[in-house]
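Visitor: For reference, the sequence and a predicted model appear below.
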Amino acid sequence: MSSEENFKKGAAEAIVGFLNANVAKSGLSNIDKELKKDFVLAKKRSKDQKRRASKKKVRCLTRAEKKELGFYAIPRKGVQYKEVLPLNKIWLQYISEVLELDNSIPDPTSKAWENFTQTLYRADFHGSFLKVTRSKCPSLVDKSGICIMDTRNTFKIVSENNITSTIPKRDCVFQMDLNKCKITLFGKLLCVRPAERSTKKIKGHIHPDL
Amino acid sequence: MKKIQGNDSFQRINYLYQISKEIADKNPVLSAYYGNLFINVAKKNVAKIHPDIKRQICKKCRCILIHKVTANMSIKKKNKSKMVEYLCNTCGSKKNFPAKKDKDYRTWLEKPESVVEVVS
Ligand SMILES: [Zn+2]
């Protein structure tokens, strides 16, 4: 530190000496004035920038802060099955309202079928009771539980023995349990972020390959 | 029933709001996750959230604010005017609402003359 300061002082002296030696005689008296000029605008601008930065900070949580509060890691035994049962009840009401299950389910060959799948695709899956029927990973087969989190590539489900597990969507086939009927979902087609899914369109018929 | 544009997203927002409120006392983290999700759904669909719902979520962590469960409500005086203040227990941010006696704080959406048609 001290050596650096010394170096700066030396440099400043060298500049003053150089100017004294080379500037024309009429300008000699102005050298000191010119050197001590401070730039008014420069200082002001830096203050402004600081204020702007502090204003922006209040808006929302940063990723690090969220992590500190435990937003991303849900512990393996942190959620009780009893706690999420009411979600399932509300979800059954919601899904029967969205899909209009009171009417009969349309025939797969009719035109209404396309509408039906579209609304199902746009519906929400939080709180649904999911069961893995087929999977590339044999240890995941026959796992069942209530879905509490839906990310781009995974479902987080709470099973009846209070264990939270993460299941990748891509290589699994799920079965959804409604009161009247059962719906088979191919996880491969659901690999979209939950918020974006509500605006996207799917093709009418896609051949499953698993 | 008449078809309304964007009806399924409104139903979805409504549902997410309900489960966010349901789980708030047991797991505020999940409540914040659902709150965050329905705001994102509304953003994606360019739909507006009703001010009644909007007042109930924390603006920082998007958790539902319920008095004595996930937040603490208190009344404070500031420059001779009273304020209702919510303090979020999850992230610690404050939300203020002005509360003067002789003033009408309803927004346009909450006034009866804003309703054009009721579809059921
Ligand atoms: Zn908060």
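Guide: Happy to help now that I have it.
Visitor: C-alpha only now, for contacts and for neighbours.
Guide: OK.
Visitor: care to break chain A down by domain?
Guide: A:3-47, A:76-197 (automatic domain parsing).
Visitor: from the middle of its chain, how far away would the longest one be?
Guide: Read that as domain A:76-197. 20 Å (CA atoms, centre = their mean, to the nearest Å).
Visitor: how about it, does it get close to chain B?
Guide: Yes: residues of domain A:76-197 contacting chain B under CA under 8 Å from any CA of the partner chain: A:79, A:83-84, A:86-87, A:90-91, A:94, A:98, A:119, A:122-124, A:194-196.
Visitor: Just the buried residues of those.
Guide: Those of the residues of domain A:76-197 next to chain B that meet the buried threshold are A:79, A:84, A:87, A:90-91, A:94, A:98, A:119, A:122-124, A:194-195, by 16 or more other CA atoms under 10 Å in any protein chain shown.
Visitor: Reformat those residues into CSV and put secondary structure next to each item.
Guide: Compiled in CSV, these are given as follows (DSSP: H, G, I helix; E, B strand; the rest coil):
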residue, secondary structure
A:Val79, coil
A:Val84, helix
A:Leu87, helix
A:Ile90, helix
A:Trp91, helix
A:Tyr94, helix
A:Val98, helix
A:Thr119, helix
A:Arg122, helix
A:Ala123, coil
A:Asp124, coil
A:Pro194, helix
A:Ala195, helix
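Visitor: most tightly surrounded among the domains of chain A?
Guide: Greatest average neighbour count among these goes to domain A:76-197 (a mean of 17), per mean count of other CA atoms under 10 Å in any protein chain shown.
Visitor: Helices of chain A, start to end?
Guide: Counting by DSSP state H, chain A has helices at residues A:2-22, A:30-35, A:40-57, A:63-69, A:81-98, A:112-122, A:194-197.
Visitor: Flag whichever of those helices has the least confidence on average.
Guide: Lowest mean pLDDT within these: helix A:40-57, a mean of 57.
Visitor: which intervals of chain B have sub-threshold pLDDT?
Guide: B:1-4, B:6, B:120 (pLDDT under 70).
Visitor: which residues in it form helices?
Guide: According to DSSP H, the helices that chain B contains are B:7-22, B:28-45, B:51-54.
Visitor: Need those helices in CSV (columns: distance to chain A).
Guide: Below are the helices of chain B laid out as CSV (distance: least, CA to the nearest CA, whole Å):
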stretch, distance to chain A
helix B:7-22, 6
helix B:28-45, 5
helix B:51-54, 15
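Visitor: Closest one of the residues of domain A:76-197 next to chain B to chain B?
Guide: A:Ala195 (4.8 Å; CA to the nearest CA).
Visitor: can I assume the closest one is in contact with B:Asn45?
Guide: No: counting by CA atoms under 8 Å, A:Ala195 sits too far from B:Asn45 to count as a contact (9.2 Å).
Visitor: Residue 85: what's it in contact with?
Guide: Chain wasn't specified; assuming chain A. A:Ile146 (CA atoms under 8 Å, 6 or more residues apart in numbering or on different chains).
Visitor: Please refer instead to chain B.
Guide: B:Met73, B:Ser74, B:Ile75, B:Lys76, B:Lys94, B:Lys95, B:Asn96, B:Phe97.
Visitor: now those residues: which count as buried?
Guide: Here, 16+ other CA under 10 Å leaves B:Met73, B:Lys94, B:Lys95 buried among those.
Visitor: So which of those residues is the closest to the ion?
Guide: B:Lys94 (7.9 Å; CA to the ion).
Visitor: on that earlier part again, mind listing which of the buried ones among the contacts of B:Glu85 are in strands?
Guide: Residues of the buried ones among the contacts of B:Glu85 located in strands (DSSP state E): B:Met73, B:Lys94, B:Lys95.
Visitor: Restrict those residues to those that also contact chain A, please.
Guide: Okay, of those, nothing touches chain A (CA under 8 Å from any CA).
Visitor: Need those in TSV (columns: distance to A:Gly187).
Guide: Output for these, formatted as TSV (distance: CA to CA, whole Å):
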residue	distance to A:Gly187
B:Met73	44
B:Lys94	41
B:Lys95	40
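Visitor: Which single one of those is nearest to chain A?
Guide: Using CA to the nearest CA, those come closest to chain A at B:Lys94, 10.9 Å.
Visitor: And B:Gly35, how far from A:Gly10?
Guide: According to CA to CA, to the nearest Å, B:Gly35 and A:Gly10 sit 61 Å apart.
Visitor: Mind picking the two most distant members of the residues of domain A:76-197 next to chain B?
Guide: Using CA to CA, the residues of domain A:76-197 next to chain B span at most 29.6 Å, a distance reached by A:Val79 and A:Thr119.
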